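# Sequence and computational prediction follow.
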Amino acid sequence: MNKFINVLLLFVLFPTILLTVFVGFDLPLSFLKTTGQLMPYKFEIFLGIGIFILVILLRRSVRRWMGMLIVSKQKRFKWNAPVSKSRKGRVVTYLGLESFIMLFIGVALYEVSNDAFAPAAAFLFSAFDNIIFAIVGSLKKGFRIGLSTKALMVADREVVLLYFKGLRKVSVHQQSVYFDYVKGLQLSFPIDCIQEENKEEFFTILEKQMDPKKVYFEVKK
């Protein structure tokens, strides 16, 4: 989902940059017989873009925070542990890079044109939200993986929720754990989420949640 949102943001960002440059530098638009500063409905257009971007970023933020909140309630799970140190390091690094890019975009848009206040504010909101999320997740051990009788949940930079209903096979290939379902559906999560010393215990408990008559468990412990 995180990749999809980033692609969607890039798709919206390019026309936003072009519009901001057009308005900020007061460029002429001959076929409409107007210029950037005199463009009609520019406030409404920028406001609409800003709201659209904010909705996208808010959905991702809510999903992240809700995932962290749910997986932090350890008593609800059969097995629950923080993600590995290497995984946490990468998550914090990626969140930091995302924050820097969002901050840069927000400041740049506003510097080019004050009229781009709404989309700039949306990107700045996301930048600070990422920073707070990274701090809380890192210091409070909020980046975790939880295993219940019905599903597996990984909550860090992305939220991965894998239900056991309809599951037919669990296997490990390279750096991922794959869940194969009926009708050809395959989902996965990175195995480095699990600390090395916890892998045997994790897979033992995971296997106990499966019906051996329905699920083929192809994992070397």
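That came through fine.
# Past the host helix or strand of Phe203, which element shows up next along the chain?
Phe203 belongs to helix 199-208 when assigned by DSSP states H and E. Downstream of helix 199-208, the next assigned helix or strand under DSSP H and E is strand 216-218.
# List the strands paired with that next one, with their directions.
Strand pairing for strand 216-218, using DSSP bridges, gives strand 167-173 (parallel).
# Now the partner strand: buried residues?
Leu167, Val170 (16 or more other Cβ atoms under 10 Å). The way it works is simple: take the backbone N, C-alpha and C, and place the C-beta from them, glycine included.
# and the following helix or strand past it, what other elements does it pack with?
Next helix or strand after strand 167-173 toward the C-terminus (DSSP H and E): strand 176-181. Judged by 3 or more Cβ pairs under 8 Å, 6 or more residues apart in numbering; DSSP states H and E, strand 176-181 is in contact with strand 167-173, strand 186-190.
# Quick one: closest of the ones you listed to Ala118.
strand 186-190 (35.9 Å; Cβ to Cβ).
# Strand partners (parallel or antiparallel) of the closest one?
Strand 186-190 has the following strand partners under DSSP bridges: strand 176-181 (antiparallel).
# quick one: the strands in the protein?
28-29, 34-35, 79-82, 144-147, 151-155, 159-163, 167-173, 176-181, 186-190, 216-218 (DSSP state E).
# Which of the ones you listed sits closest to Phe22?
Closest approach to Phe22 among those is made by strand 28-29 (7.3 Å; Cβ to Cβ).
# per-residue confidence at the residue of the chain positioned farthest from its centre?
The outermost residue of the chain relative to its centre, with distances by Cα atoms, centre = their mean, is Lys33 at 42.7 Å. We have a pLDDT of 78 for Lys33.
# ok, now the one 3 residues further on?
Looking at Gly36, its pLDDT stands at 80.
# could you give the angle of the longest helix seen in the chain to strand 159-163?
Among the segments of the chain that qualify as a helix by DSSP state H, the longest is helix 42-71. Per axes from the mean of the first three to the mean of the last three Cα atoms, to 10 degrees, the angle that helix 42-71 makes with strand 159-163 is 50 degrees.
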